[in-house]
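Undergrad: got a predicted structure plus its sequence, pasted below:
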2 protein chains.
Amino acid sequence: MKGVLVIACLRKLTFVLCLCLGGSVASAATVADEVIARAASPGDVLSVEVLLDATGRLGYTVKRRGKEVIAPSRLGFVLTNAPKLDRAFTLAKQSVSDHDETWEQPWGERQFVRNHYRELRVDAVQKARGDRHLLVVFRIYDDGVGFRYEFPDQPQLKSVKISDELTEFVVADQATAWWSVAGERENLEYPVQKTPLHAVALANTPMTVKTDTGVYIAFHEAALVDFASMWLRRVDGQKFRAYLTPGATGPAVERQAPFTTPWRTMQISDSAPGLYMSDLILNLNEPNKLGDVSWVKPYKYVGVWWEMHVEKSTWGTGPKHGATTANVKRYIDFAARHGFRGVLVEGWNKGWDGEWFGNGSDFSFTESHPDFDLPALSAYAAKKGVRLIGHHETGGNAAHYEDQMAGAYKLYASHGVDSVKSGYVTEAGTVQFKGADGTIHYGFSDSQEGTRHFLKAVTEAARYKIAVNTHEPIKDTGLRRAYPNWVSREGARGMEYNAWGNPINDPDHEANLVFTRMLSGPMDYTPGILSLAGQKGRAIHSTQARQLANFVVIYSPIQMAADLPENYEKYPAAFKFIKDVPVDWADTRVINGEPGDYATFARKDRHGQDWYVGAVTDEEARTLELPLSFLDAGKRYQAEIYRDGDQANFRTEKRFDLVVEKKKTVTSTDVLKLKLAPGGGQAIRFTPLK
Amino acid sequence: MKGVLVIACLRKLTFVLCLCLGGSVASAATVADEVIARAASPGDVLSVEVLLDATGRLGYTVKRRGKEVIAPSRLGFVLTNAPKLDRAFTLAKQSVSDHDETWEQPWGERQFVRNHYRELRVDAVQKARGDRHLLVVFRIYDDGVGFRYEFPDQPQLKSVKISDELTEFVVADQATAWWSVAGERENLEYPVQKTPLHAVALANTPMTVKTDTGVYIAFHEAALVDFASMWLRRVDGQKFRAYLTPGATGPAVERQAPFTTPWRTMQISDSAPGLYMSDLILNLNEPNKLGDVSWVKPYKYVGVWWEMHVEKSTWGTGPKHGATTANVKRYIDFAARHGFRGVLVEGWNKGWDGEWFGNGSDFSFTESHPDFDLPALSAYAAKKGVRLIGHHETGGNAAHYEDQMAGAYKLYASHGVDSVKSGYVTEAGTVQFKGADGTIHYGFSDSQEGTRHFLKAVTEAARYKIAVNTHEPIKDTGLRRAYPNWVSREGARGMEYNAWGNPINDPDHEANLVFTRMLSGPMDYTPGILSLAGQKGRAIHSTQARQLANFVVIYSPIQMAADLPENYEKYPAAFKFIKDVPVDWADTRVINGEPGDYATFARKDRHGQDWYVGAVTDEEARTLELPLSFLDAGKRYQAEIYRDGDQANFRTEKRFDLVVEKKKTVTSTDVLKLKLAPGGGQAIRFTPLK
């Protein structure tokens, strides 16, 4: 009996190879890896070695401060139309180059981003297989590593059909993982779970790992363009293999060389905040491709949305239709009164009355329900300094949506609507695409076709100067850098689960999100449910202070104040923070945090001198230290503190127990103690005193 | 912080459905499963309930003696060319019928097999989706359950393109699993590992599970014909999902209705021996389709094979070429002298000298190396009452093999060769297939294309009255019942790993195999390495007695005595058992066993009155009780016992410590104590005394 996990070896084939290539190799047992290239990060924190084994298989390792973090892990591809890019490689050439630049974001969590890395390019060749080249390019940062493959222009491998990517990630030390299930076609909306790393099945990315030796690693990808999304499939022990989202009508990926793959990324730090502070994903993306994007505006918004989720109204027509002209006017008035730029309206168009989810063929993206007057409402909003936010629910019918897309954006643009929320609600996430022959087929939204569709929706929108906020999206891989009008997306369990119940989001949900999903980019989390109740008044696992903190903790350049207007009017003291908090930041600091336990964020307004802090905890009460060293030295600040009351607890009616302290004066040398209730949080605004 | 595994819910879509279908459903929280059909096994041991949830999704549960073994588990398919067969189902009709028959095997582990089950047919319809029907048919035995889907002939779903099968297997109680890694294209040759069930990743089948409540379940499939192989992908917790081997050029499965899927099977017992004793897999296969199969002969054989693995000779030409006329004659003489029917010759044909593995395009299946004289050797063998065994190594080039297949079989048949061992050694198991357009592509050997190829090799062979023994095969799913010339296959780590080393097979290997891989069917394990040494004399993890026991423990109707002739001549006492032991059985009893720990088998010769027992243990010494109740009551038997000596131990030179006791007389009321050494075993022949 052997209970241990066994890392399986590929020995049989190695053996055969040895026999064939002369029989002189001493034993299949000794497949020594040769280091053919190596490079370290600028600050010598991380280093990468590229390996070649005795069979000519490429591999790599990553070390942090000299200690192996990623054990020897394989590289390569299986093709359907040509022999594998797997073995028989030799090194053709390698080069190392240094890069250091700082670039400015049009909007974001920090205005300026430093991109400082050493690049290691390895050009490998399969001489015995028609002299085919495959390049692997590593970018090594002090806080992470990205690598991608380059398929060069070579006549012997022009058309590339990829069934499997062989890239591995073998975590060297025993580790714990925070991960969510992938491959279930459920639009990335599975809860984050914490398990031993060896109990992960097929994981979505980012997957966050903490080793028993205290190293944090977040696995993800950057710049996912025209390629199948990568999931992480555990093979055995702590060995993971890239799993390319299957294609519906052919192999996972079909491309013509030359092309590059997305970057396979590992943010690596000795703390969870360190993972978040890494700009690896953005840095590995292309610079802005859209030119002047001053028309992309960060904003806060309200809208006709939560009322459907709590069953006050419906998307479809009928006596409870939410998107009526009268009701939307009410929201416009509310937005104008309280300084919100946007009003989202869902259920405004035709197509909601049938079985639309997973179907979507009845949707019109240009025709309103008769009780919704788009021109009149747009004009009314404009008069009040407010904009309608468009809504395109596709029911997962990408093909049908693409057919109407140009007209749909054009209509909105003509009414001053400069941002659209799109949706892809389907049965189990299967999206309808149109094949080259015009026939419709069903495929994964994460497939190569999916990457094409979602990016098309964004680039088409850009032609009309419209920003896109995708729900039930493909995962974020930092494409907002190249396409700054892709302002936000869903891609995790949002607030609506708190409306529906069974189960609602756990108290640790946000503390999980920030160190997993949020590493990928902004999320339209729709925070701010001050009523703390879903359907039938069912309590949410949060205090009121935590609802405020979420505006700082969960980043998005567009933030919804998601509760009903009447609820905000019930809680004016709390609502003030929601009205005050910015959505665009000059700088961001993650003060502390552990996945699923707690997190504290400090962010500086990009258009002012104020700092904002948000802290959240899980079901445990905690007292967190907040050193104010991020504040300007020598300046005095007034702290406006929204904290859990002493009796606050998400489990009781005391979850509404919010204390607002307005008069505290602090400096950068102070250290505040943040007392967070079970399921609680704290939000603070720091304003410099004149 | 939440460390527990979470079974994710598909609530969002349920919610949306509720909204759309009237909004009157009280809450998404209550998706109650309705039982629409149920039936129990003939002896009322197992029962199945078929479920429909509030969204019209089909599911099932399995109970054993009233207690849930398989918790509610989903059924259905995702198609690429039509909406999913997933929800919106209602029950069209159901029926229950009883079946009890006994059929005779031409060869096997028992002569007569009882097929006693209750069948539950459920015809479900998606009225709102074009009135599409899907049938689920359960066959419920006292020792297992199989179910398959039927796609009826219906114009609205004629062409069926399946990307995913949604069938789930949710194990109700906490459990341990014995499993091997799937999806690595390594020809099923990963070691069996034992882990908690929730630490399984993607598993090959059969996967064997033992719950903490003492129930054993083996998950597998039966009658895999023209369909993608099913692997088991763990989604979450103890929930597994059928994972269809991907297609290389399209969806996993493409079929025209009407058709049926393979059976999804669960052997269920309160003991590991109970799993093995189940004939579920064979019973779910079709009866013999080949008519008279008297030409399919069980036999023992020797051959030019182990000498290559221990580097005494080579497959390719050169000074060490193994398949020379002179060397083969030596084996023929040896076979004739000791009563072996067959002599396998590998490396006889052209194509071994290049890079053949994963390529195979140089192989000729009709042209011999000049130093191998097929006609002369066949004639020489025939004179001595021996037959050559053919060998077709394809290097995984199924397309190239199919091109030559008819000629290859014809050649062998013309020389009296009535069985062929085939091989598919590739780099990482990717096989070359020919597409409909004649172009070659690379796909999984487990794919739908693979099922077609491997079966074609068998049915073509049958035309020439040739039996097939497939190495690097598709997994066994009981097709030997319909095609009795498919006599054996590899499909697990065989003896050759003990030649190569690094690592050699663990001492628990056979005790693992019998309760995992061997549940699928015969294995050409090539036992009997009495020299107990691989390359460079490296010791095998076994005693000599265990090498004998394996002939009884590991079933195959063709068994190789795999060691070199000179080694057998060194150990005549032990060799006698190998010469005596039959390969075809009237009956089989698994006396005891636990996966990975130990197992004892008793089998009765189909052509005599003798019983044979084999027992194996892992690295632990054990004393097993062997009640002889399987012997005929009232008869006296002479027991010829091949046991570990008192000092025997696989770790030392004492692994050769074999004691043969010839004179013991026993009856059916006796209970023997089998003392097994660490890594040891015991083999016994019971002969009735006149």
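TA: Okay, I see it.
Undergrad: format the CA atom coordinates belonging to stretch A:65-79 as CSV.
TA: Output for stretch A:65-79, consisting of C-alpha atoms alone and laid out as CSV, is shown next (Å, rounded to 0.1, in the frame of the first residue of the first chain):
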residue,chain,number,x,y,z
ARG,A,65,15.9,34.6,-3.6
GLY,A,66,17.8,31.5,-4.7
LYS,A,67,15.1,29.1,-3.5
GLU,A,68,13.1,27.1,-6.0
VAL,A,69,9.4,28.2,-6.2
ILE,A,70,8.5,26.5,-9.4
ALA,A,71,10.2,23.1,-9.8
PRO,A,72,11.2,21.9,-13.2
SER,A,73,8.1,22.4,-15.4
ARG,A,74,7.6,21.4,-19.0
LEU,A,75,7.0,23.7,-22.0
GLY,A,76,5.6,22.9,-25.4
PHE,A,77,2.5,22.1,-27.5
VAL,A,78,0.6,19.3,-29.1
LEU,A,79,-0.6,20.1,-32.6
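Undergrad: is any residue of that stretch near chain B?
TA: Yes: on the criterion CB under 8 Å from any CB of the partner chain, stretch A:65-79 is in touch with chain B at A:Val78, A:Leu79. Placement of C-beta: from N, CA and C, glycine included.
Undergrad: same thing with stretch A:498-507?
TA: Yes: remark: stretch A:498-507 sits within contact range of chain B at A:Trp500, A:Gly501, A:Asn502, A:Pro503, A:Asp506, by CB under 8 Å from any CB.
Undergrad: and of those, the nearest to chain B?
TA: Distances from these to chain B were compared by CB to the nearest CB; the smallest belongs to A:Asn502, at 3.3 Å.
Undergrad: sec struct for that closest one, please.
TA: Classification of A:Asn502 using DSSP: H, G, I helix; E, B strand; the rest coil returns coil.
Undergrad: and it, how far from B:Ala71?
TA: According to CB to CB, to the nearest Å, A:Asn502 and B:Ala71 sit 18 Å apart.
Undergrad: where's the dip in pLDDT among the residues of stretch A:498-507 next to chain B?
TA: Looking at the residues of stretch A:498-507 next to chain B by pLDDT, the weakest one is A:Asn502, with 73.
Undergrad: so which residues of the stretch 301-450 of chain A form strands?
TA: A:342-345, A:387-393, A:419-423, A:430-434, A:440-444 (DSSP state E, counting those that start in this stretch).
Undergrad: and the end-to-end length of stretch A:301-314?
TA: In terms of CA to CA, to the nearest Å, the two terminal residues of stretch A:301-314 are separated by 20 Å.
Undergrad: same deal with stretch A:644-651?
TA: Across stretch A:644-651, the straight-line distance between its terminal residues is 13 Å, by CA to CA.
Undergrad: buried sites along it?
TA: A:Asp644, A:Gly645, A:Ala648, A:Asn649, A:Phe650 (16 or more other CB atoms under 10 Å in any protein chain shown).
Undergrad: what of stretch A:201-214?
TA: Buried positions in stretch A:201-214, judged by neighbour count with 16+ other CB under 10 Å: A:Ala201, A:Leu202, A:Ala203, A:Asn204, A:Thr205, A:Pro206, A:Met207, A:Thr208, A:Val209, A:Lys210, A:Thr211.
Undergrad: go on, stretch A:90-104?
TA: In terms of neighbour count (16+ other CB under 10 Å), stretch A:90-104 has its buried residues at A:Leu91, A:Gln94.
Undergrad: so it, near chain B or not?
TA: No: where contact is defined by CB under 8 Å from any CB, no part of stretch A:90-104 touches chain B; the two come within 15.0 Å at best.
Undergrad: contacts for that stretch, please.
TA: A:36-37, A:39, A:42, A:50, A:52, A:56, A:111-125, A:127, A:133, A:139, A:287 (CB atoms under 8 Å, 6 or more residues apart in numbering or on different chains).
Undergrad: picking that back up, closest one to A:Trp178 among the strands of the stretch 301-450 of chain A?
TA: Across the strands of the stretch 301-450 of chain A, A:Trp178 has its closest neighbour in strand A:440-444 (23.4 Å, CB to CB).
Undergrad: what about A:Gly396, how many residues nearby?
TA: A count of nearby residues for A:Gly396, using other CB atoms under 10 Å in any protein chain shown, gives 28.
Undergrad: what about the strands in the stretch 551-690 of chain A?
TA: According to DSSP E, counting those that start in this stretch, the strands that the stretch 551-690 of chain A contains are A:558-560, A:585-594, A:598-605, A:611-617, A:622-627, A:637-644, A:658-666, A:671-676, A:681-688.
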